[in-house]
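> can you look at this prediction? I've put the sequence above it.
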Amino acid sequence: MNKMARSISLCIFLLFITWIPILSTSFPLSTKTRWIVDEKSQRVKLACVNWPAHLQPAVAEGLSKQPLDSISKKIVSMGFNCVRLTWPLDLMTNDTLARKITVKQSFESLNLFDDALGIQIHNPKILNLPIFNAFQEVVSNLGQNGLMVILDNHLTYPGWCCSDNDLDAFFGYPNFDPVIWAKGLGKMATLFRNVTNVIGMSLRNEPRGSGIEPWTKLMVILDNHLTYPGWCCSDNDLDAFFGYPNFDPVIWAKGLGKMATLFRNVTNVIGMSLRNEPRGTRDYPDLWFRFMPKGAEAVHAANPEVLVILSGIDFDTNLSFLRDRFFNVSFTDKLVFEQHWYSFSHEGGAWVKHNSNDICAKIIGEVNHNGGFLLDRGFPLILSEFGTDERGVDVSGNRYMNCLVAWAAEKDLDWAVWALTGDYYLRTGTKHMVETYGVLDATWKNVRNSTYLQKLSGIQHPFRGPGLQEKKLLLHPHTGLCVTNNHSGNVPTLRLELCTKSEPSTFNPKEGILWINKMCVETPDVAGQKVKLGVGTRCSKLGQISATKMHLSFKTSNGLLLCLDVDERDNSIVTNPCKCLTKDASCDPASQWFKVL
């Protein structure tokens, strides 16, 4: 896209997202078949961003760079309605860390004196608060700005997550005691019991492990990301699964219960995830089915209002074991599953080794097999981690994101992008490491990549669900925009526009006619010309070709195969020779991908 077209597009986009209203949702949330709904049984779509608070300082990132309220308002301005807030289990099971160590003491113990000074400047209110009280301040401010929260139990001890065989990977690993885990979940659920914007809790981030074969037979989400503060995850950390050194199931359950209790009356805390990315050599189904219900019951008992969010295994990429085995808990209308998908989640280098159409179709099949099938069985599924390097230098990541956006739109998924983070206080020993996946830059003030944010805008709003009128659109995944009528010329043509402003479209594959608000597409007979709209006398018949079925093609009178495409100069829809249909891995078909919704 040239500079002028990009500037026009982004100006329109940024103008749109600045007036998004504070969410008016009737809490608490619950589930209705595959949908998350409010108290009035109307669908609530979660469009979340991950905000890490599970690393060694055990404080939400970025507070040394910008005031907390400024960050919350920035999240709203970018079109998100929800935050998946990560936390280490140690925050609920280690009273010394939670109640006796202040934010200032935590930073000074890690020689992060500049960050302590930054917090004194930007957030003096929290500097001398105990670690947990600072966590509460973050949740409270998110709620004041109309943002829902999911509490994500990311790992056991503060740090970075994750690896396949770390000590925190799965139940029974040294750092993953199921009893402690369940108690911790219950404690967290109780603490936030009456916090209305805390809508859910994910029980554990990314259960994982190398022994995966046995498994194959503005709102806040509190994510129990790991046990002790730190980065998660790696193949050999101590936090991987139940029974690892840093994952005691007893402590885990206690911690979950405590967290649920503490946020019991915080209405914007809508959910709790039980554990981030279970992994490791011990992530067997019997362990998962033995301990995950205990964590879920601990959260629900402590805070029956929040959604309870369960991770799969193998870094939360795999829930396929639920195909043949039922998950038994005492409640049904609060249960949500979560799945992660990154460019590196499948075959290494697949996105550059294979044609984008071929590999996109193949991997979507795997993602549906591993988790997407739950939607068809009437269970909500949140894509709670995805994202890529926003500098645009990762070819694999760029191609994967186009595929993912198309799939997320087709399924109309709830989701949480990784991540908000501009940089980290301390990650794996490095101070102020920049997060290239972060939607904010290292100043925590500016958007890192407006084009990337525009791509996400295409899936931020619901297309269907209880209480909503179904929206039928034609999405261009590469831009996050939708096809609509260009009213500016004498002859009606097509162009890209924000999906919220686009006119409805319908396409029947058998008929092959693309209708845009009661006008049909009339294709030119030569390449490079704009596509016109007519009243029905010269409607062109289009076919969906390639493995993804996202190329809309037709044949000219001379037998030339052309496809709909985008003119990057003005975002108009034109026709060009169909490109990169199969086998060729050297080219990118993204400009010709259109997803029928």
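Yep, it's here.
> pLDDT below threshold where in the chain?
1-24, 164-165, 209-221, 226-227, 229-231, 234-236, 282-283 (pLDDT under 70).
> can you point me to the longest strand in it?
Identified as the longest strand of the chain according to DSSP state E is strand 189-205.
> any buried residues in that one, and which?
Buried residues in strand 189-205, counted by 16 or more other Cβ atoms under 10 Å: 189-193, 195-205. Where C-beta positions appear, they are placed from N, C-alpha and C, glycine not excepted.
> from the middle of its chain, how far away would that strand be?
18 Å (Cα atoms, centre = their mean, to the nearest Å).
> same deal with stretch 117-131?
29 Å.
> the nearest residue to residue 120 once chain neighbours are set aside: what's it in contact with?
The shortest distance from residue 120 to any non-neighbouring residue, by Cβ to Cβ, 6 or more residues apart in numbering, is to residue 127 (5.2 Å). The neighbours of residue 127, taking Cβ atoms under 8 Å, 6 or more residues apart in numbering as the test, are 102-104, 116, 119-120.
> got the contact list for the nearest residue to residue 109 once chain neighbours are set aside?
Nearest residue to residue 109 in three dimensions, chain neighbours excluded: residue 101, at 7.8 Å (Cβ to Cβ, 6+ apart). Residue 101 makes contact with 109, 130-131, according to Cβ under 8 Å, 6+ apart.
> so what's the residue positioned nearest the centre of the chain bridging to?
The chain has residue 416 as the residue nearest its centroid, 2.1 Å off, counting by Cα atoms, centre = their mean. Counting by DSSP bridges, residue 416 forms beta bridges with residue 48.
> for residue 402, see how far away it is.
Per Cβ to Cβ, to the nearest Å, residue 416 is found 19 Å from residue 402.
> roughly how far apart are residue 548 and residue 189?
41 Å.
> circling back to that earlier point, now a PyMOL select for only the buried ones of the contacts of residue 127.
The following PyMOL line selects those of those that are buried, judged by 16+ other Cβ under 10 Å:
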select buried, resi 102+103+104+116+119
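> in a markdown table, list the contacts of residue 127 along with secondary structure and distance to residue 293.
Shown next, in a markdown table, are these (DSSP: H, G, I helix; E, B strand; the rest coil; distance: Cβ to Cβ, whole Å):
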| residue | secondary structure | distance to residue 293 |
| --- | --- | --- |
| 102 | strand | 37 |
| 103 | helix | 35 |
| 104 | helix | 40 |
| 116 | helix | 42 |
| 119 | helix | 40 |
| 120 | helix | 45 |
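> looking at the contacts of residue 127, which is nearest residue 521?
Of all those, residue 521 sits closest to residue 119, with 55.9 Å by Cβ to Cβ.
> quick check, that closest one in contact with residue 102.
No. Contact between residue 119 and residue 102 fails when scored by Cβ atoms under 8 Å: they sit 10.6 Å apart.
> tell me where the stretch 151-300 of the chain has helices.
178-188, 249-261, 285-302 (DSSP state H, counting those that start in this stretch).
> and for the stretch 1-150 of the chain?
Under DSSP H, counting those that start in this stretch, the stretch 1-150 of the chain gives helices at 3-18, 68-77, 90-93, 95, 103-109, 113-122, 124-127, 131-144.
> pretty sure residue 116 sits against residue 107.
Yes. Contact criterion Cβ under 8 Å: residue 116 and residue 107 qualify, at 4.1 Å.
> and the residue nearest to residue 543 when sequence neighbours are not counted, what are its phi and psi?
With sequence-adjacent residues excluded and distances taken as Cβ to Cβ, 6+ apart, residue 543 is closest to residue 553, at 5.1 Å. Phi and psi for residue 553, reported as degrees, to the nearest 10, are phi -120, psi 160.
> neighbours of residue 553, how many?
20 (other Cβ atoms under 10 Å).
> hang on, residue 202 packs against residue 272?
Yes. Counting by Cβ under 8 Å, residue 272 is a contact partner of residue 202 at 6.0 Å.
> give me the common contacts of these two.
Joint contacts of residue 202 and residue 272 (Cβ under 8 Å, 6+ apart) are 150-153, 221-224, 309.
> by neighbours, which of these wins?
residue 151 (47 neighbours).
> wait, it touches residue 268, no?
No. Taking contacts as Cβ under 8 Å, residue 151 lies outside contact range of residue 268: 11.0 Å.
> contacting residues for residue 580?
Counted by Cβ under 8 Å, 6+ apart, residue 580 has contacts 355-357, 587-589, 592.
> kindly give a single ChimeraX line that selects the buried subset of those.
Selecting just the buried residues from the contacts of residue 580 in ChimeraX takes one command, with 16+ other Cβ under 10 Å as the test:
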select :355,356,357,588,589,592
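> between the contacts of residue 580, which is closest to residue 520?
residue 592 (20.0 Å).
> phi and psi next, for the closest one.
Per-residue torsions, residue 592: phi -100, psi 10 (degrees, to the nearest 10).
> measure it to residue 547 for me?
Distance of residue 592 to residue 547, given as Cβ to Cβ: 13 Å.
> over to residue 89?
Counting by Cβ to Cβ, the gap from residue 89 to residue 547 is 43 Å.
> between those two, which one's more packed in?
residue 89 (45 against 18).
> in contact with the more buried one, which residues?
Contacts of residue 89 by Cβ under 8 Å, 6+ apart are 153, 155-157, 180-181, 184, 224, 226-228, 251-252, 255-256.
> which element is residue 442 on?
Residue 442 is part of no helix or strand when elements are defined by DSSP states H and E.
> quick one, what contacts the residue lying closest to residue 441 once chain neighbours are set aside?
Nearest residue to residue 441 in three dimensions, chain neighbours excluded: residue 448, at 4.6 Å (Cβ to Cβ, 6+ apart). Under the criterion of Cβ under 8 Å, 6+ apart, the neighbours of residue 448 are 390, 422, 438-441.
> how close does residue 448 get to residue 421?
Distance from residue 448 to residue 421, counting by Cβ to Cβ: 10 Å.
> and residue 579, by the same measure?
36 Å.
> residue 243 now?
Distance from residue 243 to residue 421, by Cβ to Cβ: 31 Å.
> can you list the domains in the protein?
The chain is divided into the following domains under automatic domain parsing: 40-457, 474-596.
> so which of the ones you listed is nearest residue 464?
Of these, the one closest to residue 464 (Cβ to Cβ) turns out to be domain 40-457, at 5.9 Å.
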